[in-house]
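[1] got a predicted structure plus its sequence, pasted below:
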Amino acid sequence: MSTDRETLTRELLALVADEGMVEASEIAPEKRLEDLDIQSADFVMILMAIEEKYDVYISVDNELSDVETVQDLLDLVITKIEDQKAA
């Protein structure tokens, strides 16, 4: 299972870089999204791309209110994807 998670993490980081228009080399799990200059419109594009690629729904209200770092986003999304696969 760890390989799946590692692959997923790499894919998600690439997607965040792509959709957020940020250099992949600048993205690190501990980086704050605002420090990467990811605006709310970019964030919505990132979420839409994740939802489309992985067929998961991420609620924009409560779940995202605690997301501050790249790792927070990864944790939330990976949990959603794993829950979806288990369903």
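    On my side now, so go ahead.
[2] hey, let's count contacts and neighbours off CA atoms from now on
    Noted.
[3] following the chain past the worst-scoring helix or strand of the chain on mean pLDDT, name the next helix or strand.
    Lowest mean confidence among the helices and strands of the chain (mean pLDDT, DSSP states H and E): helix 62-65, at a mean of 76. Later in the chain than helix 62-65, the nearest helix or strand by DSSP states H and E is helix 70-86.
[4] that following helix - contacts with which helices or strands?
    For helix 70-86, the packing partners by 3 or more Cα pairs under 8 Å, 6 or more residues apart in numbering; DSSP states H and E come out as helix 2-19.
[5] for the helix it packs on, which outside residues touch it?
    By Cα atoms under 8 Å, 6 or more residues apart in numbering, the residues outside helix 2-19 that reach it are 22-24, 27, 42, 45-46, 49-50, 74, 78.
[6] what is the most widely separated pair among these?
    23 and 78 (21.7 Å; Cα to Cα).
[7] more neighbours, those two?
    It is residue 78, of residue 23 and residue 78, that has more neighbours when counted by other Cα atoms under 10 Å, with 17 against 12.
[8] next up, the contacts around the more buried one.
    Counting by Cα under 8 Å, 6+ apart, residue 78 touches 5, 8-9.
[9] can I get those residues in JSON lines including pLDDT and neighbour count?
    Formatted as JSON lines, the contacts of residue 78 follow (pLDDT from 0 to 100; neighbours: other Cα atoms under 10 Å):
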{"residue": "5", "pLDDT": "88", "neighbour count": "13"}
{"residue": "8", "pLDDT": "92", "neighbour count": "16"}
{"residue": "9", "pLDDT": "93", "neighbour count": "18"}
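[10] which one of these is nearest residue 86?
    Proximity of these to residue 86, judged by Cα to Cα, is greatest for residue 5, which lies at 14.3 Å.
[11] now distance to residue 17 too, for the contacts of residue 78, in CSV please.
    Formatted as CSV, the contacts of residue 78 follow (distance: Cα to Cα, whole Å):
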residue, distance to residue 17
5, 18
8, 14
9, 12
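[12] before we move on, back to that, just the buried ones from the contacts of helix 2-19?
    Neighbour-count burial (16 or more other Cα atoms under 10 Å) applied to those gives 22, 27, 42, 45-46, 49-50, 74, 78.
[13] against residue 21, how distant is residue 45?
    Applying Cα to Cα, to the nearest Å, the value for residue 45 to residue 21 is 10 Å.
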